[in-house]
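Visitor: Build me a structure from this.
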Amino acid sequence: MFKSIEMCGRCNGASVFVKREDKNPFGTFKDRRCAALLEQHSTKNELIFVHITTGNSGYSLGMMAQEEGRKTGRKIHVVNIIPEGLPSAIKKRLESCSAVHEMDLSKGIVSTDEMRAIARKLTGYSGPEENLVSVESYGLANGYKNIIREMAEEGVKPKYIFVPVGEGELITELAREAESVWGTEAPKLVGVTVSQNAIVKDVDFLKKTGKSLADKLVNGYSKFKDLVLGFVKTGRIELKTVSEGEIAREYKWLNSIGIAVEPSAAAAFCGAVKYDLKPEDTVVIINTGKGVYDQSAVEKRWIRRIVKGLKYLTVSLSFAAALAITAWGGLAAFRANQESIYSRLIQEAEYLAERNNNRNLDQEEMHAACISIPRKTEASCANIFNFQYLTPKEVEYYVRYNRPLVVSDNIGRAMAVKTFMSYENGTFECESIHPYFCDRPGPFSFDIAKLPGLAFDFEYGFSMLKWDITIYPPHTSRSPNIYEAKVGPVNIIISERY
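Guide: Coordinates of the predicted model:
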């Protein structure tokens, strides 16, 4: 734990300490629970741990179990149940240290008995039930509670502790241990999460959770919900939600100053910055970790995706090149090509925004999509009934931000962050839509007064022929509505028809 001067300045001068769980062996606070589980069951020669995971906990426990087995000769198996669609890179990491079972978790709550049955089937275990351990165990003697004890040992007595909330196990254990250590003077725990978490909803199970940069905080069901809400009623816990934009900005900033976080961990820092802290307050922010992947892999994959996208764009333009023999045909084909690209963007945006699986984008879903675009407000989105009401630039931003979140991996989240930050700071440029139409609402048409300076080209990929088309201002000897276009080496006269 260390005092962060940067965070002190951003939190109104409060004394801000950061608990660096990213320094644990596998870079996550989950390492504590996994170590505690192995210690708690150290007398058993054969063990099977089973739980639902999206990566960090499953990998941490699997690796620790392998190491424990090598040291002691005990038979320890880990069975990880993962949601359908988990990125293959994460799945492969889990398969390297555990048995993996993929299933649709949106259909309902998976019971302990069902998880144990899956574990028996995958491992072939037929022994006593007591050796089948569900990882979601509350009250581990040397688990997350040690975080509080370590604070006390270092002489830090905070007024607030900021914690990301996914399933709720971490904040529940910290709240209980804080009361044990400090009694009635225990600090308030501020749990920070996203809106796609069942703990902050009125229902116990969310069938459709949606996506978020902070994927570890997206939670359709939690067995700890009642415990968390119990502490909320007594004033020991306060729950806050933060937006995608806030998480994206904090994630980028923290990593830029050397604090390794994944977006889910960055949420706690967002909560502290937004909270009305005073200079006399002492605060601890729990950095729950950085996940199991290094960021260099993110950058390499991002480059590959950009190259693939550019190749796709070139193919689209090459197809239209056959029509661009004259300026008339070039302008017509250019507009048709742009309208086709725009139509596909609209369709993809509607798919990404639809949440009810009824293949029909309703007004509530459209409104939610609209206000997720930076600088869009409740007022400006009030009369937005479909994506055609937005500019092509806004539609392309929505698609490029949400498209990589479909896979919900570190790579996709990093790409989404880059897109958000470029839009936020004004450097976002359309890649699919030509700049001429980028900020112009559809339907596409040419403004004759703005034609001079319009330049575009088509490439016919098979013959490697290329036409550069540029529109020039009219000569004074001609009608003011007659323009000259240069198509490769050929000069052609065009009028305002297009």
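Visitor: which residues in the stretch 301-450 of the chain form helices?
Guide: Along the stretch 301-450 of the chain, counting by DSSP state H, counting those that start in this stretch, helices occupy 327-353, 363-371, 392-402, 410-424, 435-438.
Visitor: Of the ones you listed, which is nearest L206?
Guide: helix 363-371 (15.0 Å; C-beta to C-beta). Backbone N, C-alpha and C define where each C-beta goes, glycine included.
Visitor: pretty sure A36 is in a helix, no?
Guide: Yes - counting by DSSP: H, G, I helix; E, B strand; the rest coil, A36 falls inside a helix.
Visitor: Just give me the neighbour total for it.
Guide: By the criterion of other C-beta atoms under 10 Å, A36 has 19 neighbours.
Visitor: just checking, it touches I147?
Guide: No - A36 lies out of contact with I147 (C-beta atoms under 8 Å); the separation is 11.8 Å.
Visitor: Strands of the stretch 201-350 of the chain, residue ranges please.
Guide: Ranges of strands in the stretch 201-350 of the chain, per DSSP state E, counting those that start in this stretch, are 237-241, 282-287.
Visitor: most neighbours per residue, which of those?
Guide: strand 282-287 (a mean of 24; mean count of other C-beta atoms under 10 Å).
Visitor: partners of that strand, with directions?
Guide: Sheet pairing of strand 282-287 (DSSP bridges) gives strand 15-20 (parallel), strand 160-164 (parallel).
Visitor: For it, list the C-alpha coordinates in PDB.
Guide: The C-alpha trace of strand 282-287 is given here as PDB (Å, rounded to 0.1, in the frame of the first residue of the first chain):
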ATOM      1  CA  THR A 282      -8.200   9.500   4.800                       C
ATOM      2  CA  VAL A 283      -9.100   7.100   2.000                       C
ATOM      3  CA  VAL A 284      -8.000   3.700   0.800                       C
ATOM      4  CA  ILE A 285      -8.700   2.600  -2.800                       C
ATOM      5  CA  ILE A 286      -8.500  -1.100  -3.400                       C
ATOM      6  CA  ASN A 287      -6.800  -1.800  -6.800                       C
END
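Visitor: And the average pLDDT for that strand is what?
Guide: Strand 282-287 shows a mean pLDDT of 96.
Visitor: same deal with stretch 154-165?
Guide: Taken as a whole, stretch 154-165 has a mean pLDDT of 96.
Visitor: what's it in contact with?
Guide: 1, 17, 151, 170-171, 174, 178, 182, 185, 187-193, 197, 199, 214, 216-217, 228, 239, 264-265, 267-269, 271-272, 275, 277, 281-286, 288 (C-beta atoms under 8 Å, 6 or more residues apart in numbering).
Visitor: ends of that stretch, how far apart?
Guide: 25 Å (C-alpha to C-alpha, to the nearest Å).
Visitor: What residues of that stretch count as buried?
Guide: 156, 158-165 (16 or more other C-beta atoms under 10 Å).
Visitor: nearest to H434, of these?
Guide: P164 (41.6 Å).
Visitor: how much space between that closest one and F17?
Guide: Taking C-beta to C-beta, to the nearest Å as the criterion, P164 is separated from F17 by 16 Å.
Visitor: got it, and E378?
Guide: Going from E378 to F17 by C-beta to C-beta gives 37 Å.
Visitor: Okay, now the unreliable bits of the stretch 251-400 of the chain?
Guide: Counting by pLDDT under 70, the ranges of the stretch 251-400 of the chain that qualify are 292-334.
Visitor: one more time with 80, if that's ok
Guide: The stretch 251-400 of the chain contains residues with pLDDT under 80 at 291-338, 355-360.
Visitor: In space, not sequence, find me the middle residue of the chain.
Guide: Centroid-nearest residue in the chain: L213, 1.5 Å away (criterion: C-alpha atoms, centre = their mean).
Visitor: which residues of the stretch 101-250 of the chain fall in helices?
Guide: Along the stretch 101-250 of the chain, the segments classed as helices by DSSP H, counting those that start in this stretch run 112-123, 145-153, 169-182, 225-234, 244-256.
Visitor: Can you tell me which of the ones you listed is most buried?
Guide: helix 169-182 comes out most buried of the helices of the stretch 101-250 of the chain by mean count of other C-beta under 10 Å, with a mean of 22.
Visitor: any chance you could read off phi and psi for N357?
Guide: Main-chain dihedrals, N357, degrees, to the nearest 10: phi 60, psi 30.
Visitor: Switch the strands paired with strand 282-287 over to JSON lines; also include distance to P404.
Guide: Listed next are these as JSON lines, based on distance: least, C-beta to C-beta, whole Å:
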{"stretch": "strand 15-20", "distance to P404": "28"}
{"stretch": "strand 160-164", "distance to P404": "21"}
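Visitor: To Q347, which of these lies closest?
Guide: strand 160-164 (34.9 Å).
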